Structure formats: structure tokens, C-alpha cells
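Participant: quick one, fold the following:
(one chain, ligands or ions: 1)
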Amino acid sequence: MPNSVSYGRPMTTTTSHRSLKTSSFSANNIVEKKGCVKPVAPRAAAFYKAAQRNPSTKAGTEPLQDLLTRLDEQEKRLSHLEDTRKSALDKSILSQDQLRKEEQNKTKLTEYLNKLFEKKRAIEANIEATRTRIESIKDEERILVQTIRETTVEVQCLKATLDSQQCKTSLFERESLEQKQRMEDTKGSIESLLLSLEQERQTRHQSENARNRKMNIIERLQADLKQLQRELEEQSDSIERNKNENEKLCQQIKDYANKLREGEQQLEAAQAKIQMSNNQLEASRQKTACIEEELRNLKMEKDALSKQYEELKEEESCMKAKLNELLRNIESLSEEMHRLKSQEEKSINDYKKEASRLYECLQNSMREREQLDSNINSFQEVSNETKQQWEELQKQVEDLQLLISQKEKQVEDEVNQKNNLLQQIEQAKESISLQQVEIAELDEQCRQDEITRRYLHNLVQELKGNIRVFCRIRPNLAKEIESMLADNITSEVNRLSISSASSVSSVTSSNMTTEPQFRIVSSSSVEVVAPSQRSFMETNKNSKQHLSKWSFSFDRIFGPESTQEEVFEEISQLVQSALDGYRVCIFAYGQTGSGKTYTMLGGENEGESGVIPKSMRKIFSAAESRHEHNWEFHLKASFLEIYNETIRDLLADQTTSIKERNYDIKIDRLTGATYVVGLTVEDISTPQQLEKLLRKSMANRATAATRCNERSSRSHSVFRLYISGRNKETGQERVGLLNLIDLAGSERLNSSGSTGDRLRETQHINKSLSALGDVISSLSNKEKYIPYRNSKLTYLLQDSLGGDSKTLMFVNISPTADSFQETLCSLRFAQKVNSCQIGTARRVAKVDLCAGYLNDATATSRLYS
Ligand SMILES: Nc1ncnc2c1ncn2[C@@H]1O[C@H](COP(=O)(O)OP(=O)(O)OP(=O)(O)O)[C@@H](O)[C@H]1O
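Facilitator: Okay, the predicted model is just below:
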């Protein structure tokens, strides 16, 4: 036996231990490949016994014993290691068996994979075959598409034929329309109708022939269409067959795909098994690793075993590599399988798409066919309609013939009626011409009347004198009556009995010692009775004027009971004369509170409107009535205030610049017309516009209060209305000017008690009023120089105060005792004015160029155009 050991000669004690160690190491070296080791412990025991038997060695027994014990221990350890090695070897054998089994499995798997490859190859072959089939189907499809295209072309040709046919039909329709038109033309006369009917019949005959020819063409076309329909049906059958084949192929592809799916499943199962073997291999690897760990502890003693184990390991790694290669192969295979599968799916999808496209083509061709069918139907309908229309036309022709005969009758009747009407019109014309002559005569009479009226009016004016004075006594105001009662003055004002204009009347008072008394003797004269001598002397100590009675004569006296209407009635002719081209000036003169503004503008209540609004209404209505006689009037107005000899524009927007503006008065040298530079002159075409203008001017009037009254009473307000008229018929032109002036209060300086600014105001007022008196007196005296320039007021009214103009002055009287002295002054001033004779009024007409008044291109156009 190779594992038997020969120890030779016995060793010395000193070297025995090392020898033993060496022997023990050598024993390790004699481990055979199969793992068989000879036991050495019994030999140590024998050696130990022999040593005990030998007395010479007795002294050295104890260390030997120790050695032997250790040797025994070593031997035990060795045997233990031997056992471990054996078990490891067994395990290794076991793992080798497992590996072998795995190898077998692998070979089986390889075989299985080979089978799978074969299957795959078969599937590939099948796919290839399917592809070739698909190709052939595609070819068939191409042919089919070609056929469809050809069919489409044919259908298009057919459509074109149909279109041409439709064109022909429309031509036919047009022809029919033309015929209709011609038939309508024949309505003019029966002869032409009969002629055209004859033509129509011929045309109809021709068109019937044409229609028959067209019908033959249509029938031929219909036969062609039927033939095409049959071909289309055949093609659709072949398409249907192709479709069935396609479906079958789809089914086969589906089966192949199922088989492929099964193969994949099997492959997956094999992969799962490989995975299990891998797991087992991994487990055995772990166990081997454990053994390696143990062996590593004994690596010095178990080199041989390690070597063998290394060899095993190498083998294992080889196996692993093989296994990995196998796995890789499997993976590549599965990838290939996937790729093939995706390719397959793609080709299936492509095929499906192609099939759906083919199906769509089929649908389209079907639709086109339906369209063609419907076109044929519509064409048939159209031809039927044309037939119907033709019949209707024939019927209409008959109806028209009937209608024409009826119309002829109607025309005859109408001609008779027309002749009758013409006769009537002739008669009417004659009567109209007679009436026109009458109207012309009447118009002429009217014109003559108007001329006479104007002549008479002017004659009256001249007789009355061109400056006239009206006196107006206002009634006592409520507050005045109250204050008189409070002062225990028994006023008999309420019992005033003022006679009418014709009868003598008196304004009496029960207490004659305090109250003035107005006694209106006639419509043109008034007596003023002074208050008591005592009270009069008290207030006017230095005055020698203590007469108890004064008589005054004016053109007209208006008592307290006189209404605004009565007053205006008296002046309306004067106002109206402005429309006839006269310059008219109406003043209101009197002390503050005497009723000037009431007379000129009016009171606060309705129905109390004064001269200005009433004049405007009169002018508007007169202009309207003259419109019938071809007169057209154009009105413009300005409104200004003269305060402290300064002009203020009452129609201007009261901005600072305008307020502080110094307006200059200019005279147009050619016409003699006065105008204020920069003054607002507004067009007026309605009474409403005038009302608006008056409201604006009132709002603009200064309102600084004085002890006597408001500032408005301390300024002169001048309203000017520029009138230009033209007769459209005769071409006559007239320009008139109406000045309506509310003068400032005429009270004397001491009575107003003014000082400072108020004193200056009063001085200015007195100056301007005396300037007015001077101008009137100069005019009356026919002086060479008329002092117009002494005040702004007279300067402004220069063109309206003079020989050519008409002037009226209201002298307004307050009935209170306090105002007696002022009343007297006012009456005296008015008396003076009334005694003046300032010439004959003259109408201003544009044709009257010699007068040169208001005819220049500058001032006149500014004011009147
Ligand atoms: N005829 C009249 N009938 C009724 N009331 C009148 C009449 N005349 C004037 N009055 C009233 O007398 C008052 C003073 O009149 P008004 O303001 O017209 O005087 P005036 O002379 O214009 O004064 P001023 O110079 O301050 O403008 C007003 O309340 C007015 O209504």
C-alpha cells in the first residue's frame, strides 16, 4: 500500500519531537488523490509502550510522554481533519454529480433550443411564404387600383358626357327662355304675335327634333352607363373575392402568431428551468465557498486538497463560462425572436392598413357609382321637367293669346277714358288759367294794399311826428301800499278811478296832503297834482316850484291799469315798420323803479312780457306773413350795457378778457351806420332763440347793489335787432334796425344820496341823459352840429336818432308821493322831447344807394348779412 509508512531507526529524544513533527507533516504529504491517509496514532502509542519497557529510557519518559500525548493530540486532530477532508471531498463529489446533472440538463436544453431554432426557421419560412403571398396580393391590389383608376377615368368621361349633355339641356332651356322672351315681345300687337307664334311653332318643331336627337343620345348614354355599371359590378365582385382571400391570409397570419406565442412560452419555461439550475449552482457555489473557507484555515496542510479544489474550481468556472455562453445564446435567441415578432407585427399592420385602404377605395368607387346613379336620375328628372316646362309654355302661349285679346279690349276702354280725361283736363286748365289770372290780380291788389298800408302808416307817423312820447304811470306796488298804511297814510290808490282813454279820469286820494294825484284828462294829456303844500315845502324848502297842478300832453297816456298788450298794441305798427326798412328807436325813460324794465322786458309773471319779447314775436309773425309775398328776412341781434360810459357785451361769455374789454364805437363812413367793434351779434331765426338770448343777457347784467336799486338800474341797456329783407320775386331789398333801450334811472343826484362810486355812476347817467336831450333838441332845432359824441349812448344811437328814423320814448312814472319831484322832472323832460320835430322818417332800401345808408360792404355785411 502506498500509504504505509516506514520509520527506519529510532530517533533520539532531542530530535524525536522535530522528527515526529516532520513525520506528521510527511503524513500529510502522502494523502492520495482518492483521500486515503494511514493512521499514525497507534504507532506513537507503541513507541510509548516500548519506551516504558526500556528502563534506560525511564528517566526521559516524562517529556516523551508529553510528546506522545501531543503526538496523540496531533494524530487526533489529523484524523479529524481527515474526516473533514473526506466529508468535503464527498460534498465536492456531490457537487460534481450535480454539475454533471446540470450538464445533462444543459445538453437537454440545447437540444430543446435546437428544436426551437428549427421551429423558428420553419416559422421564418412560413413568414417568408406569407410575405411572398402579401407581395402577390399587393400586386393584385395594384392591378385593382389600376382598374379602379381606369374605371374612374371612364366615370369622369361619362361625367363629362353628362356635363355636355347638361350644357345642351341648359342651352335648350336658354332657347326656351328666349322663346318666352319673344313671346312676351309679341304682346305689343296681335299681328306681330301671330307672326312670332308662327316662328315659335317652327322653332318648336326644330327644338322638338333637336330634343328627339338629344333623347336618342341620352338613351345611348344610358346604355353605356348600364354597361359601365355591369363592369363596375364585376370589379366590385373581384374586389370582394380579394377581400375574402385577404381575410383568409389574415387568419393564417394570426395562427402563425399564436404558434410563435406558444414557442415563446416554451422558451420562457426553459429559461425558468435554467434559472432554477443557476440558483442551485449558486447554492452549491456558496457551499464550496464555505469549504474553501475551512480549507483556507488548513491551507498549509491541505495544499493537495486545495490544488484539487482549484482544479475543480477551474472546471466549475469553465462550466460557468459555458453556462453564460449558453445564456447569452438564449438571450440573443430571444432577442431575435422579439425582432422577428415585431417584424411580423409590423408586416401584419402594414397589410391591415393596405387592406383598409383597399376597402376605402372600394367604398369610394361604390359612392361614385351611387353619385353617377343619382346624376342619371337627376338628368332624367331634368328632362322630365323640361318636358313639363314645354307643356306649360304651350299653355302659357294659349293663356297669353287670351290675355292679349282681353288687354286689347282694356286698351280700347282706357283710350276712351283717356280722351274723356283729356277733355276734362283741358277744361280744368282753362279754369286754372282763369283762376291764376284772378290770383295774380289779387296778388297785385294785395301788393297795392300793402303799399297803401305802409304809405298810410308812414303818413300817420309823419302826422304824429317822428319823435313820439308815451307816458306810462305804473300802479302802486303791494309793499308801497303796506308802507303807506303803516305810516297812517290813507291811500285811496285802490279806489283810483282812472277813466278810459276817451274819458277824463282822475287818480284821487282821500288824503290830498300827502299823495300826488294824476288826473288823466284825455288819452294824451295828464294833470299832476302836487302833495300838500306843507309836506312839499318840507322836502323842497328852497324850491319855488310849489304849484299845486301841472298839465302835460303826450302822444299817449297809459294809466296804472293799462296792460302790456294795450301798450304794445299802440307801438306794434312802429315795430313792424322796422321790417319795412325803417330805423326805429324805442326808449324807456324814468326814475328808478318807475317801471322801465317792466315796460321793456316785462314782469316776472306769465303774460307780463314787455316790448322786447312782444316786438320779436310781432316781427317773426310779420316776417312769416310776408313770406307768402316772396319776402325773406334775416335777423341778427346784439345786447349791450353802458355803465359809467363803458360798453359791456351782454351776449359775450363772461371771461375775464371780455369783461375787461374796452369796446369802441365806430361809424361806417359810407352808410353812416354805427357799430361796436368786437360786439357779439347773434343770428336769430326763432322766438325761442331770442328768449335764450334775453336770458343770457339778463344773467350777464351786473348786479352791484346801490341804495336806490340794483346796478342794472344804473346802466343803459341797448337791444339792437338788425333786419335784412329781400323779395325773391321783385329783387327788392330792405334793411331795418330796431333799437330797444332801457335807460338808467333818471333820478337826480341828491335824491339817490350817492357818494363815491355811486356818485360817479349818477354823474355818468345824468350826463348821458342830458346828452340825449341835447341831441334831440339839436335835431329839433335843425342845428348844424349834433352833439352825438357827448355820450356813448348818443354816439351809439347816432344812426337811429335823426331825420330818417322813428323814435318813441316811454316816460315811466312812479305813483308814490316820494317820487313826486322826480316824476315832475321826468314829465318835463318828456314834454321837451315831445315838442321836438326831428324830420321825416325814410325807409332804407338797398336800392336807395344815394342815401348810402347801411349799404357798404363792410358794416352792412357785418350787421345784416
Ligand atoms: N305797469 C306795471 N304794472 C305792475 N307792476 C309794475 C308796473 N310797472 C312796474 N311795475 C313793478 O314795479 C317794480 C319796479 O319796476 P321796474 O323794475 O320795471 O322799474 P325800473 O324803472 O326799470 O327800475 P330800474 O331803473 O331799477 O330798472 C317792479 O317790481 C315791477 O314789477
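Participant: now stretch 473-487, how far from the centre of its chain.
Facilitator: Taking CA atoms, centre = their mean, to the nearest Å, one finds the center of stretch 473-487 at 68 Å from the center of the full chain.
Participant: tell me which stretches of the stretch 601-750 of the chain form strands.
Facilitator: 631-643, 646-649, 665-667, 674-676, 682-684, 716-727, 733-742 (DSSP state E, counting those that start in this stretch).
Participant: for the fourth one, packing partners?
Facilitator: With contacts defined as 3 or more CB pairs under 8 Å, 6 or more residues apart in numbering; DSSP states H and E, the secondary structure elements packing on strand 674-676 are strand 665-667, helix 792-796, helix 859-864. For the C-beta atoms, the positions are set from N, CA and C on the backbone; glycine is no exception.
Participant: please apply the same query to the second one.
Facilitator: Using 3+ CB pairs under 8 Å, 6+ apart as the contact test, the elements touching strand 646-649 are strand 631-643, helix 792-796.
Participant: hey, C-alpha coordinates of the longest one in PDB?
Facilitator: Extracted C-alpha coordinates of strand 631-643, given in PDB (Å, rounded to 0.1, in the frame of the first residue of the first chain):
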ATOM      1  CA  TRP A 631     -90.200 138.300 -48.800                       C
ATOM      2  CA  GLU A 632     -87.400 136.600 -46.900                       C
ATOM      3  CA  PHE A 633     -86.000 138.100 -43.700                       C
ATOM      4  CA  HIS A 634     -82.800 137.600 -41.900                       C
ATOM      5  CA  LEU A 635     -82.500 138.700 -38.200                       C
ATOM      6  CA  LYS A 636     -79.400 139.400 -36.100                       C
ATOM      7  CA  ALA A 637     -79.300 140.800 -32.600                       C
ATOM      8  CA  SER A 638     -76.900 142.300 -30.100                       C
ATOM      9  CA  PHE A 639     -77.400 143.300 -26.500                       C
ATOM     10  CA  LEU A 640     -75.100 145.700 -24.700                       C
ATOM     11  CA  GLU A 641     -74.900 147.700 -21.500                       C
ATOM     12  CA  ILE A 642     -73.400 151.200 -21.000                       C
ATOM     13  CA  TYR A 643     -72.300 151.600 -17.400                       C
END
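Participant: residues in contact with the spatially closest residue to Cys446 that is not a sequence neighbour?
Facilitator: Counting by CB to CB, 6 or more residues apart in numbering, Cys446 lies nearest to His629, which is 6.8 Å off, once chain neighbours are set aside. Residues in contact with His629 (CB atoms under 8 Å, 6 or more residues apart in numbering) are 443, 446-447, 450, 727, 729.
Participant: phi, psi of Thr730?
Facilitator: phi -90, psi -20 (degrees, to the nearest 10).
Participant: doesn't Asn630 make contact with it?
Facilitator: Yes - Thr730 is within contact range of Asn630, at 7.4 Å (criterion: CB atoms under 8 Å).
Participant: between these two, point out the one with more neighbours.
Facilitator: The neighbour count for Thr730 versus Asn630, taken as other CB atoms under 10 Å, is higher for Asn630 (14 against 11).
Participant: that one and Asn727 touch, don't they?
Facilitator: Yes - Asn630 lies in contact with Asn727 (CB under 8 Å); the separation is 5.2 Å.
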